[in-house]
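>>> Sharing a sequence plus its predicted fold:
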Amino acid sequence: MIKPENLQWNNTAAKRLAQIKANGSTPLAEVYNLLLPTIRSKKPDIFLTLTDGEPSDPDAVRSIMRDFKLLGIKMVAIGVGSDTGYSITIANNLRRLGYERTLAVSRLNEIPKRVLNVLGTD
């Protein structure tokens, strides 16, 4: 566990998150399925995904995202690539998956100043 649901992000949670190493493609549909009961009960307005690659099963991700959208949840994603070219590739992949808004960066420190654009409600 990175952090309990009722705890705000802090340095300890950030250090735990930083220790997770990427290992192949992401089982994103499986993660979304695990979160679906919580999402149904909490009904957030926006669901933000941060990724550095592609999901292992894009069709399954599209399917579960339809369930989230039917609940009225705006699906947004931030892609982080190792360079500008890879970031653009990730952003294009996210758009093809059906995210309503996407953002691609090649440096993590770019996220804070650009994240409000992707979370915007216009």
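Yes, it's here. What you see is a predicted model; the values in this text were computed from it and never measured. Residues are numbered from 1 along each chain as shown.

>>> State the distance from Arg95 to Glu110.
From Arg95 across to Glu110, the span is 19 Å (CB to CB, to the nearest Å). C-betas here are computed from N, CA, C, even on glycine.

>>> Using just helix, strand and coil, how would you label the spatially most central residue of the chain?
Nearest to the mean C-alpha position of the chain, by CA atoms, centre = their mean, lies Thr49 at 0.8 Å. Assigned state for Thr49: strand (three-state reduction, DSSP: H, G, I helix; E, B strand; the rest coil).

>>> Check the gap between it and Ser56 for me.
Computed as CB to CB, the Thr49 to Ser56 distance reads 14 Å.

>>> helix or strand for the nearest residue to Thr12 once chain neighbours are set aside, which one?
What sits nearest to Thr12 in space, not counting adjacent residues and going by CB to CB, 6 or more residues apart in numbering, is Lys3, at 7.7 Å. According to DSSP states H and E, Lys3 maps onto no helix or strand at all.

>>> same deal with Thr38?
Assigned by DSSP H and E, Thr38 falls within helix 28-42.

>>> by contact count, what packs against that helix?
When contacts are defined as 3 or more CB pairs under 8 Å, 6 or more residues apart in numbering; DSSP states H and E, helix 28-42 sits against strand 46-51, helix 58-70.

>>> can you give me the angle the first one makes with helix 28-42?
Here the directions of strand 46-51 and helix 28-42 differ by 160 degrees (axes from the mean of the first three to the mean of the last three CA atoms, to 10 degrees).

>>> The closest residue to Leu108 other than its chain neighbours: what's it in contact with?
Leaving aside its sequence neighbours, Leu108 sits nearest to Val80 (CB to CB, 6+ apart; 6.3 Å). Counting by CB atoms under 8 Å, 6 or more residues apart in numbering, Val80 touches 50-52, 87, 90, 104-106, 108, 111.

>>> In strands, which of those appear?
50-51, 104-105 (DSSP state E).
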